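K.L.:
no FASTA, just this:
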């Protein structure tokens with residue numbers, strides 16, 4: 001049986017590797033690949049058009065993310081603009097191209113719980129919150145699917161392991177109902193379920209937070 005082909009946008013090699021382990025054929029594109037996709041580049045429209053001419057994939061997973069170790073006041077204007085481009089404008093632009101050119105497209109965008117609760121990096125939170133509006137309001141064609149997957153802290157990815165406030169993260173972990181954070185393999189399992197889900201499931205945000213925001217005991 002032929003492997004399903006996935007086009008993955010973003011430099012997350014951990015998630016790409018886990019998807020390959022699930023017996024998918026994964027094409028990965030980012031700023032440093034032969035076919036370049038750089039959401040901060042002025043030539044991004046041409047980059048997207050060129051890629052979509054080259055690939056016959058109908059499954060697109062957009063994993064781009066840019067979380068800074070500073071607040072919105074401390075960030076330089078270029079950093080704020082790049083955050084908006086990488087975390088929001090770029091994924092939306094790419095999705096628009098895909099939905100226009102691929103009648104059977106499945107598009108899964110990786111969001112963040114920061115789009116719901118905020119973040120110390122407010123630029124990041126603002127960008128991710130806009131994805132929810134886009135996914136819920138963008139009408140897709142009969143054979144298309146558009147989903148937003150918004151995980152909480154992913155313990156083994158660089159956005160978490162590079163953070164300087166490790167002690168704060170440990171406190172958050174202790175308060176979590178599961179007493180731990182999400183791991184990459186669990187996120188990939190959910191993505192695989194969505195790749196194979198009925199396309200009637202669309203224009204929906206899937207929150208993956210382990211019950212973090214529950215109130216009733």
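P.N.:
Yep, that arrived. Bear in mind that the values here come from a model prediction, so they are computed numbers and not experimental data.
K.L.:
What separation is there between residue 177 and residue 134?
P.N.:
Look at residue 177 and residue 134: by CB to CB, to the nearest Å, they are 29 Å apart. From N, CA and C alone the C-beta is placed, and that goes for glycine too.
K.L.:
before we move on, what about residue 38?
P.N.:
When residue 38 is compared with residue 134 (using CB to CB), they lie 20 Å apart.
K.L.:
Then residue 173?
P.N.:
Residue 173 is 31 Å from residue 134, by CB to CB.
K.L.:
if you count what's nearby, which of those two comes out ahead?
P.N.:
residue 134 (17 against 14; other CB atoms under 10 Å).
K.L.:
which non-adjacent residue is nearest that one?
P.N.:
residue 92 (5.2 Å; CB to CB, 6 or more residues apart in numbering).
K.L.:
contact partners of the biggest strand by length in the chain?
P.N.:
Ordering each strand of the chain by length in residues (DSSP state E) puts strand 145-151 first. By CB atoms under 8 Å, 6 or more residues apart in numbering, the list of residues contacting strand 145-151 from outside reads 95, 99, 105-113, 115-116, 128, 131-132, 135, 138, 140, 182, 187, 190-191, 194, 197, 199, 201-209.
K.L.:
could you pull out the strands for the chain?
P.N.:
Under DSSP E, the chain gives strands at 5-9, 25-29, 59-62, 106-110, 145-151, 204-208.
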